[in-house]
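>>> sequence? don't have it. structure:
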């Protein structure tokens, strides 16, 4: 019982934390953020397992995390509002040659991020060649050229 | 056009494979849901189905234990001794060797005044002696880590009384 409850709590907590942190949190990871995620993983592991290092506990924790993920996936299919709440929705951050300032500020992005995505994904040289840029639910930036 | 037939064949095969995988996934999800419900109920460790107790005929001793425990996981035993079982301000509890072999005791609360090893064999074990206030009973707890796999039997008793036996299933 305790293993399922612990894993459920940790899953929900991480879901909320990363939802609050924003889409870009996991999309591109700097060396420092990589270390931060390792530390978060270590802290999470201790919370998940507690003092119980048995194989059964590990199997139950894994089953719980996968089970909740499947359940949430099925629920999101049936309830679009839940999907939006959990994963957010794509946000247009650049339209017709002009950055949408408020959307970009909220997503902690600037023009250099759009330009980088334009270069790497579409081989574009300048923002003049970009028609739309969209911050996807995954945290990545999609570029639609003119 | 020449490639159309193999592709249609491939599509039919993919469709059959997809149906099979979907059925397996559905069964797997049901099994997973069953495992999680069983875990919540306490079939794989602490939980409502796991909590149990054994009481002597005269209610002088009650032992609370988990039917299901895990090797490497925390295991707790609760020992409730009635005031009428206190003799000369002391309670003497015997814990069987079989029980101690399946546990690695971390803490006994309250700490006993003494622990005496009793010779091996059927009556082998450890006698814990606790001081008790006059007119009061004793509520003691043994916190341990599971150190066995499979079904194990153990016994706890008041010295001089018939010991209370119980079984625990230890998961790996």
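Looks like it arrived, so ask away. This is a predicted model, so every value here is computed, not measured.
>>> Show me the helices in the chain, by range?
Using chain A. A:2-21, A:31-49, A:55-78, A:80-87, A:101-106, A:111-117 (DSSP state H).
>>> sorry, should have said chain B
In chain B, the segments counted as helices under DSSP H are B:4-41, B:97-101.
>>> Which strands and helices lie in contact with the first one?
By that I understand helix B:4-41. helix A:2-21, helix A:55-78 (3 or more CB pairs under 8 Å, 6 or more residues apart in numbering or on different chains; DSSP states H and E). Using the backbone N, CA and C atoms, a C-beta is placed for each residue, glycine as well.
>>> of those helices, which approaches residue B:140 most closely?
Nearest to residue B:140, of all the helices and strands packed on helix B:4-41, is helix A:2-21, at 22.5 Å by CB to CB.
>>> Which residues belonging to the closest one are considered buried?
The neighbour-count check on helix A:2-21 (16 or more other CB atoms under 10 Å in any protein chain shown) flags A:2-4, A:6-8, A:10-11, A:15 as buried.
>>> cool, stretch B:119-131 as well?
B:125-126, B:128, B:130.
>>> Take the residues you listed and write them to a markdown table, including pLDDT and distance to chain A.
Below are the buried residues of stretch B:119-131 laid out as a markdown table (pLDDT from 0 to 100; distance: CB to the nearest CB, whole Å):
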| residue | pLDDT | distance to chain A |
| --- | --- | --- |
| B:125 | 89 | 25 |
| B:126 | 92 | 23 |
| B:128 | 92 | 23 |
| B:130 | 92 | 26 |
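>>> Flag every residue of chain B that's near chain A.
B:29, B:32-33, B:35-36, B:39-42, B:44-48, B:50, B:70-74, B:145-146, B:171-172 (CB under 8 Å from any CB of the partner chain).
>>> from what I can see residue A:15 touches residue A:88, true?
No: with contacts counted by CB atoms under 8 Å, residue A:15 stays clear of residue A:88, the gap being 12.0 Å.
>>> Just the buried residues of the residues of chain B next to chain A.
Buried among the residues of chain B next to chain A (16+ other CB under 10 Å): B:32, B:35-36, B:39-40, B:42, B:44-47, B:50, B:70-74, B:145-146, B:171.
>>> Spell out which residues of chain A are next to chain B.
Residues of chain A lying near chain B (CB under 8 Å from any CB): A:1-5, A:50-57, A:60, A:63-64, A:66-67, A:70.
>>> so what pLDDT did the residue lying closest to residue A:146 once chain neighbours are set aside get?
Using CB to CB, 6 or more residues apart in numbering or on different chains and skipping residues adjacent in sequence, the residue nearest residue A:146 is residue A:131, 4.6 Å away. Here, the pLDDT recorded for residue A:131 equals 91.
>>> Ok, residue B:4 next?
At residue B:4, the predicted lDDT confidence score is 57.
>>> ok, now residue B:25?
On the pLDDT scale, residue B:25 gets 89.
>>> next one: stretch B:60-69 to chain centre, how far?
Relative to the chain's own centre, stretch B:60-69 is displaced by 9 Å; criterion: CA atoms, centre = their mean, to the nearest Å.
>>> Now do the end-to-end distance for it.
For stretch B:60-69, the first-to-last residue distance is 26 Å (CA to CA, to the nearest Å).
>>> Pull the residues that contact it.
With contact meaning CB atoms under 8 Å, 6 or more residues apart in numbering or on different chains, stretch B:60-69 is reached by B:42-47, B:49-56, B:75-82, B:84-85, B:93, B:146, B:156-158, B:161, B:164, B:166-171.
>>> which of those residues are buried?
B:42-47, B:49-50, B:56, B:75-77, B:79-82, B:85, B:93, B:146, B:156-158, B:161, B:164, B:166, B:168-171.
>>> Give the residue spans of chain A that score low on pLDDT.
Residues of chain A meeting the criterion pLDDT under 70: A:24-28.
>>> Not counting sequence-adjacent ones, nearest residue to residue A:3?
Distances taken as CB to CB, 6+ apart place residue A:60 nearest to residue A:3, at 4.0 Å, with adjacent residues excluded.
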